[in-house]
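> based on what follows, work out the 3D shape:
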Amino acid sequence: MANFKGHALPGSFFIIFGLWWSVKYSLKYHSRKLNRNDQAHHSFKHLDVIEGAVKVAFAIIGILAEQFVPDGPHLHLYHYGEEHGWVKLMNWQHATMYLFFGFTGVMDILTYSPAKAPVGLDRLMLAVALFVEGFLFYFHVSNRPMLDQHIHSLLLTAIFGGAASTLMEVFLRDNVILELFRASLSLQQGTWLWQIGFVLFPPWGRPEWNEEDHHNMMFITMCFCWHYATAILITAINYTLVHCCIQSHQRNDGQTEFRLGIRKKNHDKSAHATLLNESDEE
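Reported below is the predicted structural model:
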């Protein structure tokens with residue numbers, strides 16, 4: 001959809017997954033540090049299957065939204081009538097992007113369910129989906145105004161960066177640095193898609209941007225850096241919150257064990273004293 005909602009919808013999906021990944025991989029990392037591998041591994045496998053199902057659901061929602069909005073193509077790719085030509089190719093491009101992210105959800109389910117697809121295919125499919133997204137966006141804005149092309153080319157930095165880091169995860173499994181890097185780039189993609197919507201399709205009757213003004217391009221470039229700084233900050237906050245929660249839970253467990261040890265010791269002493277008294281009476 002070439003409008004504000006068409007950019008806000010995928011942007012919201014990327015923000016949701018960026019926030020989820022920043023929490024999930026922080027929890028996974030700290031679980032491994034606490035040597036709870038067996039229990040944590042089993043729990044995270046269930047979470048990965050649920051995550052895959054959510055990806056499939058989001059992809060279906062996105063495809064249906066692109067195809068069946070009032071001005072959408074309604075599954076018509078080419079018009080053979082008097083005005084023959086392609087039908088709403090921009091909607092078809094967005095739907096293709098959603099399709100590949102739906103494939104990543106299916107691969108997550110196959111990898112972490114009893115079907116047990118080879119480990120690494122989930123990350124490989126996600127890298128392919130991100131590459132396809134970048135490939136589509138690269139040819140998405142040809143012959144468009146200068147600001148339109150520039151703001152989408154900045155998005156390509158986050159997309160191809162995410163594709164490259166995810167491809168590295170195929171070979172470097174459970175690398176928390178790469179995982180959190182992917183989470184931060186997902187957050188940036190999401191917030192930047194919202195920014196594109198505000199710039200190119202100002203909602204609520206706001207004035208349109210001058211798409212040929214060089215100062216606007218300078219501001220947008222700087223704004224892109226601010227978006228990534230915000231993404232890093234959010235990822236760091238989530239990691240810190242998870243770390244503090246884990247440490248607090250660990251301290252509480254240690255206090256409980258310490259108290260239980262004292263009680264057990266006192267109980268043993270009282271039992272020993274009772275036995276001595278009984279022996280004296282005899």
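
> for the one helix or strand residue 67 maps to, list every residue counted as buried.
If you go by DSSP states H and E, residue 67 is part of helix 37-68. By neighbour count on 16 or more other CB atoms under 10 Å, the buried set for helix 37-68 is 40, 44, 48-49, 51-52, 54-56, 58-59, 62-63, 65-67. Quick note: C-beta positions are derived from backbone N, CA and C, even for glycine.

> do the same with stretch 22-31
Buried-residue list, stretch 22-31, by 16+ other CB under 10 Å: 22, 24-31.

> of these, closest to residue 237?
residue 22 (8.6 Å; CB to CB).

> that closest one sits in which helix or strand?
Going by DSSP H and E, residue 22 is in helix 4-33.

> specify the angle between that helix and helix 37-68 in degrees.
Taking axes from the mean of the first three to the mean of the last three CA atoms, to 10 degrees, helix 4-33 and helix 37-68 form an angle of 170 degrees between their directions.

> pick out the residue closest to the middle of the protein.
residue 17 (2.6 Å; CA atoms, centre = their mean).

> ok, it - contacts?
Shown in contact with residue 17 (CB atoms under 8 Å, 6 or more residues apart in numbering): 55, 186, 190.

> could I get the residues you listed as JSON lines with pLDDT?
Converted to JSON lines, the contacts of residue 17 look like this (pLDDT from 0 to 100):
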{"residue": "55", "pLDDT": "95"}
{"residue": "186", "pLDDT": "96"}
{"residue": "190", "pLDDT": "96"}
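
> run a quick neighbour tally on the closest residue to residue 3 other than its chain neighbours.
Spatially, and ignoring its direct neighbours in sequence, residue 3 is nearest to residue 201 (5.2 Å; CB to CB, 6 or more residues apart in numbering). Neighbourhood size, residue 201 [other CB atoms under 10 Å]: 17.

> please apply the same query to residue 153.
Residue 153: 12 neighbours (other CB under 10 Å).

> specify the angle between the helix or strand that contains it and helix 4-33 in degrees.
Assigned by DSSP H and E, residue 153 belongs to helix 146-171. In terms of direction (the same axes, to 10 degrees), helix 146-171 departs from helix 4-33 by 30 degrees.

> give the buried residues for helix 146-171.
147-152, 154-155, 157-167, 169-170.

> check stretch 203-215 too.
Buried-residue list, stretch 203-215, by 16+ other CB under 10 Å: 209, 211.

> so what's the residue count around the residue nearest to residue 118 when sequence neighbours are not counted?
Leaving aside its sequence neighbours, residue 118 sits nearest to residue 111 (CB to CB, 6+ apart; 7.7 Å). Using other CB under 10 Å, residue 111 is surrounded by 21 other residues.

> what packs against the helix or strand hosting residue 111?
Counting by DSSP H and E, the element that carries residue 111 is helix 89-112. Applying 3 or more CB pairs under 8 Å, 6 or more residues apart in numbering; DSSP states H and E, one finds that helix 89-112 contacts helix 4-33, helix 37-68, helix 121-138.

> just want the angle from the second one to helix 121-138.
If I follow you right, that is helix 37-68. Computed by the same axes, to 10 degrees, the angle between helix 37-68 and helix 121-138 is 30 degrees.

> what's the angle from helix 37-68 to helix 89-112?
160 degrees.

> quick check: next helix or strand after helix 37-68?
Using DSSP H and E, the first helix or strand after helix 37-68 is strand 78-79.

> packing partners of that next one?
strand 85-86.

> need the mean per-residue confidence for the strand it packs on.
What strand 85-86 shows for mean pLDDT is 86.

> am I right that residue 212 is in a strand?
No: according to DSSP: H, G, I helix; E, B strand; the rest coil, residue 212 belongs to no strand; its state is coil.
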